[in-house]
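Peer 1: Sharing a model prediction with you, sequence too.
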Amino acid sequence: MLEDKYAYLTLSLLYMLAWLVVYVKNPWKKGMVKVCAIGGLMGVVAEVWYFYDYWRPPTLFGVGIVGIEDFIIGFAMFGVGGYIHSSFTKREIDFDYQTPAKNRDFFYLWLIGCLSLTFFTFVVKIHSGYTTFLTFLALSIYIWIQRPDLIGISLISGGAVMLITLVIYYITFQILFPHFWDTYGMLDDTYMGATVVGIPLSEILWHSSWGMLCSMFRGYRNGVYFKDSPR
């Protein structure tokens, strides 16, 4: 039986396996690694919100302490969510139609997301599980309105990430560490604590909504459009 301190690391490494599959199939490997490095840093920063009321996972450094696991899972999730569509579909970039990059708008969206999580979690005292899901969903809808052509990519990616999450979480938290969420989670007083095949609803919604949002970053920020799917 593995010690609890390896639970989060196990989860992170399983996500890295999914990342590796996406990376091998992805035609933009260099760009993917750069984006994932930023994702790793965001994975560390995110614990500012989640240690507050979501969970206090054991890491190699101790319980409720930021660890290398946060960087690994952030790195992996930016890659899986952001590139799974381009890795497993045959849709090509339409180089004949491209709009100016929206780096400033993209930065504003990132800033709004962070402010939303901070305000509603710490000031309004809404559980960060609700706040995160609704923030990701709201930002996704905003991008859908701006770029309706990305809706399909967004929904497909969100569904794919959800399926990957179900497999990884089942292995980690039903087979290897079945007591994890009862011991280290902080979801008992929320509807998000309800489980699906033993997996917290909050985690399913978090990862699927993240996949929906993250999959549109490249197209939205860079003004990239895709050709219609080949028949």
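Peer 2: Looks like it came in fine.
Peer 1: got the residue ranges for the helices in the protein?
Peer 2: 7-25, 29-45, 47-53, 68-88, 103-118, 128-146, 151-170, 180-184, 201-214, 217-222 (DSSP state H).
Peer 1: Distance to Phe61 added to these, as JSON lines?
Peer 2: (Each C-beta comes from the backbone N, C-alpha and C, glycine too.) Putting these into JSON lines (distance: least, CB to CB, whole Å) gives the following:
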{"stretch": "helix 7-25", "distance to Phe61": "11"}
{"stretch": "helix 29-45", "distance to Phe61": "12"}
{"stretch": "helix 47-53", "distance to Phe61": "12"}
{"stretch": "helix 68-88", "distance to Phe61": "8"}
{"stretch": "helix 103-118", "distance to Phe61": "24"}
{"stretch": "helix 128-146", "distance to Phe61": "22"}
{"stretch": "helix 151-170", "distance to Phe61": "22"}
{"stretch": "helix 180-184", "distance to Phe61": "14"}
{"stretch": "helix 201-214", "distance to Phe61": "22"}
{"stretch": "helix 217-222", "distance to Phe61": "30"}
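Peer 1: Columns mean pLDDT on top of the ones you listed, output as JSON lines?
Peer 2: Putting the helices of the chain into JSON lines (pLDDT from 0 to 100) gives the following:
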{"stretch": "helix 7-25", "mean pLDDT": "96"}
{"stretch": "helix 29-45", "mean pLDDT": "95"}
{"stretch": "helix 47-53", "mean pLDDT": "95"}
{"stretch": "helix 68-88", "mean pLDDT": "94"}
{"stretch": "helix 103-118", "mean pLDDT": "95"}
{"stretch": "helix 128-146", "mean pLDDT": "96"}
{"stretch": "helix 151-170", "mean pLDDT": "96"}
{"stretch": "helix 180-184", "mean pLDDT": "94"}
{"stretch": "helix 201-214", "mean pLDDT": "96"}
{"stretch": "helix 217-222", "mean pLDDT": "92"}
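Peer 1: could I get those helices as TSV with mean neighbour count?
Peer 2: Output for the helices of the chain, formatted as TSV (neighbours: other CB atoms under 10 Å):
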stretch	mean neighbour count
helix 7-25	19
helix 29-45	16
helix 47-53	17
helix 68-88	23
helix 103-118	14
helix 128-146	19
helix 151-170	19
helix 180-184	17
helix 201-214	24
helix 217-222	20
